[in-house]
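> Sequence and predicted structure below; questions after.
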Amino acid sequence: MSAVVQGSELQGRRVAFLVANEGVEQIELTGPWEAVEAAGGIPTLISPDVGKVQAFDHLDKADVFEATVATADARVEDFDGLVLPGGVANPDQLRMNRSAVHFVREMVRSGRPVAVICHGPWTLVEADVLNGRRITSWPSLHTDLSNAGAKWVEAEVIVCDRGPGVIVSSRKPDDLPAFEREMLNAFAAPADDGADDAKSPKHDVHSSVRADASSL
């Protein structure tokens, strides 16, 4: 169970976890999910289809989870934050799902915080919400993210508040402790409607920046 960061209690805030029905990296789903629950938040699993979500441990099938909301029925106003786990096949399927991409785009534009890890940023690329943002990811996404207008950084975790809203990003499962800490901080922060940020971008915050090429 992930530790709750002091001062990051979520007090019933609802957090959407968006995944494909097959292909999500299990630890990148379960780690942040448990962190949200431990902080008093209410996680909800959203997928293109309600029902079975087959998670993976890299290339091997892992556990099966239950999606309770379909992407076509997901409403931005029902959630206070969004988590986009990785797994290569997971975001590759999501970016082909129009309702998933629309939900992600509107969550970002609304100013709600988004936490994304590993290959998860592919869906943000499709949603066209990364221009001018700083982000990290699994290294193979570097070119895609740069082409989408983002500034890619090799770091354990990046917190970009160049609005609208905050985007927390990490590279891989080894980064989960830092990722979950900054994710909870973002979700616990006062709500941001995104309006002012869209006009006047804020500074970017590097948190626990650590190049670690040897562990990739």
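Done, it's in.
> I158 sits in which helix or strand?
Per DSSP states H and E, I158 falls inside strand 157-160.
> now what about the helix or strand following that strand, what contacts it?
Per DSSP H and E, the first helix or strand lying C-terminal to strand 157-160 is strand 167-170. Residues outside strand 167-170 that contact it (CB atoms under 8 Å, 6 or more residues apart in numbering): 108, 113-118, 121, 124, 133, 135-137, 156-160, 176, 178-179, 182-183, 186. C-beta: built from backbone N, CA, C; applies to glycine.
> Show me these that map onto helices.
V108, P121, L124, L176, A178, F179, E182, M183, A186 (DSSP state H).
> got a markdown table for those residues, with neighbour count, distance to G31 and pLDDT too?
Below are the ones in helices among the contacts of strand 167-170 laid out as a markdown table (neighbours: other CB atoms under 10 Å; distance: CB to CB, whole Å; pLDDT from 0 to 100):
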| residue | neighbour count | distance to G31 | pLDDT |
| --- | --- | --- | --- |
| V108 | 25 | 22 | 97 |
| P121 | 29 | 18 | 98 |
| L124 | 29 | 20 | 98 |
| L176 | 22 | 5 | 98 |
| A178 | 18 | 12 | 98 |
| F179 | 31 | 8 | 98 |
| E182 | 26 | 13 | 97 |
| M183 | 33 | 10 | 98 |
| A186 | 21 | 16 | 96 |
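> count of residues packed around N97?
N97: 21 surrounding residues under other CB atoms under 10 Å.
> Near the nearest residue to F65 once chain neighbours are set aside, how many other residues are there?
Using CB to CB, 6 or more residues apart in numbering and skipping residues adjacent in sequence, the residue nearest F65 is V53, 4.4 Å away. Using other CB under 10 Å, V53 is surrounded by 25 other residues.
> Repeat that for K61.
K61, neighbours per other CB under 10 Å, totals 11.
> cool, and T68?
What T68 shows, counting by other CB under 10 Å, is a neighbour count of 12.
> Please tell me I have it right and it contacts D49.
No - in this structure, T68 is not within contact of D49 by CB atoms under 8 Å, at 11.2 Å.
> hey, where'd the helices end up in the chain?
Listed in chain order, the helices of the chain (DSSP H) span 26-38, 89-94, 98-109, 121-127, 142-147, 176-188, 195-199.
> buried ones in the second one?
Under the neighbour-count criterion of 16 or more other CB atoms under 10 Å, helix 89-94 has A89, N90, P91, Q93, L94 buried.
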